[in-house]
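Participant: using only what follows, build the 3D model:
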Amino acid sequence: QVHVVESGGGSVQAGASLRLSCAASGRTSSDYAMGWFRQAPGKEREFVVAISRSGGTTYYANSAKGRFTISRDNAKNTVFLQMNSLKPEDTAVYYCAADLDLVSVIHYAARKDYWGQGTQVTVSS
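Facilitator: Next comes the predicted model:
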């Protein structure tokens, strides 16, 4: 089991940027594809973006395309989410996930129960 700790959230104005980090421990993060999910108040957790073990392949939800960028540093067991041009609808708790491959990460919310504590992102208009 890979344990994750998310950080980097905050309260910002619309149009601002934030960079989230996810530190993985327990197993070597390069053994896993990683991804980000988010959950807004009163809504179900939704997939945002995933990255392959090597970092060479990424997959974005439509809501994240063009504004968010995922990257990873396997030497530091860390995954990043750079979020630009933030909108009020991006307000949510953001969670990191790890699984064996990209497809498994994309469907993680429907398959797994383990989540980190998340990091709150609040975007005001």
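
Participant: which SSE is the residue most central in space within the chain in?
Facilitator: Centroid-nearest residue in the chain, with C-alpha atoms, centre = their mean: Trp36, separated by 2.1 Å. Here Trp36, judged by DSSP states H and E, is contained in strand 33-39.

Participant: quick one: average confidence on that strand?
Facilitator: Mean pLDDT, strand 33-39: 97.

Participant: which residues in the protein form helices?
Facilitator: Counting by DSSP state H, the chain has helices at residues 102-106, 108-111.

Participant: just checking, which helix or strand of the protein averages the lowest pLDDT?
Facilitator: helix 108-111 (a mean of 89; mean pLDDT, DSSP states H and E).

Participant: which residues are in contact with that helix?
Facilitator: Residues outside helix 108-111 that contact it (C-beta atoms under 8 Å, 6 or more residues apart in numbering): Gly35, Phe37, Glu44, Arg45, Glu46, Phe47, Ala97, Asp99, Ser104. Heads up, the C-betas are built off the backbone N, CA and C, glycines and all.

Participant: can you list those in CSV and add distance to Tyr59 and neighbour count?
Facilitator: Formatted as CSV, the contacts of helix 108-111 follow (distance: C-beta to C-beta, whole Å; neighbours: other C-beta atoms under 10 Å):
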residue, distance to Tyr59, neighbour count
Gly35, 8, 29
Phe37, 13, 24
Glu44, 19, 8
Arg45, 17, 18
Glu46, 14, 13
Phe47, 9, 21
Ala97, 13, 28
Asp99, 13, 19
Ser104, 12, 17
